[in-house]
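J.: build me a structure from this.
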Amino acid sequence: MAVRAASGVRALSLDTLVRLGRGLHTPATSRRLAVPEGMTAPLGCDAVEIPAHLGPLVLPRLPRVGCVYADDTHWWWLVPSDSDYALEWPAPTQYAAGAVVPDAPAVPDLIHRPTGTVPYTPPIPLYLALCRVTGTTPAWSRPAVA
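T.: Residues are numbered from 1 along each chain as shown. The predicted structure follows:
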């Protein structure tokens, strides 16, 4: 929601500022994961990157699996845009805004395509599965620090 300042100039919303900031940090040699033909991404598209050895451990823990891409070293799970908002993804995962795969020699292969037209893996079950396989306590379960 944008608000008009007293001067009459339109102020930018936090969402707009975050998107503009992300655009400044896009690597030069990056590739974007494409939504497969026949599918739509009504909520935009980001990706969560995990080391390839964790992929088979995460897969059976999910109630629904969206599009998953892979190469020899990493797997990428498509999630709705801004699935990192107020969420700290556990190491060694990486969050890729815009489903941009930095420094990849080629676009990874699609290894899983869901039935239907929506490419997303639900982000909260994915986050919890990643916390489980990495031994990380979910952010909302950690003690508050004053």
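
J.: and the pLDDT at the most centrally placed residue in the chain?
T.: Centroid-nearest residue in the chain, with CA atoms, centre = their mean: A47, separated by 3.2 Å. Note for A47: predicted pLDDT of 96.

J.: then the one 10 residues further on?
T.: Predicted confidence (pLDDT) at L57: the value is 97.

J.: pretty sure the residue nearest to the centre of the chain is in a helix, no?
T.: No. Counting by DSSP: H, G, I helix; E, B strand; the rest coil, A47 is not part of a helix but strand.

J.: which residues touch it?
T.: Shown in contact with A47 (CB atoms under 8 Å, 6 or more residues apart in numbering): L33, Y69, W76, W77, L78, V79, Y95, A96, A99, V100, V101. (Glycine included, C-beta is placed from N, CA and C.)

J.: try it again with 10 Å
T.: Residues in contact with A47 (CB atoms under 10 Å, 6 or more residues apart in numbering) are 32-33, 67-69, 75-79, 83, 94-101, 108, 121.

J.: now, which of those residues lie within strands?
T.: In strands, defined here by DSSP state E, the members of the contacts of A47 are 32, 68-69, 75-79, 94-96, 100-101.

J.: dump those to JSON lines, plus distance to S141.
T.: Shown next, in JSON lines, are the ones in strands among the contacts of A47 (distance: CB to CB, whole Å):
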{"residue": "R32", "distance to S141": "34"}
{"residue": "V68", "distance to S141": "26"}
{"residue": "Y69", "distance to S141": "30"}
{"residue": "W75", "distance to S141": "25"}
{"residue": "W76", "distance to S141": "26"}
{"residue": "W77", "distance to S141": "22"}
{"residue": "L78", "distance to S141": "26"}
{"residue": "V79", "distance to S141": "21"}
{"residue": "Q94", "distance to S141": "22"}
{"residue": "Y95", "distance to S141": "20"}
{"residue": "A96", "distance to S141": "25"}
{"residue": "V100", "distance to S141": "30"}
{"residue": "V101", "distance to S141": "30"}
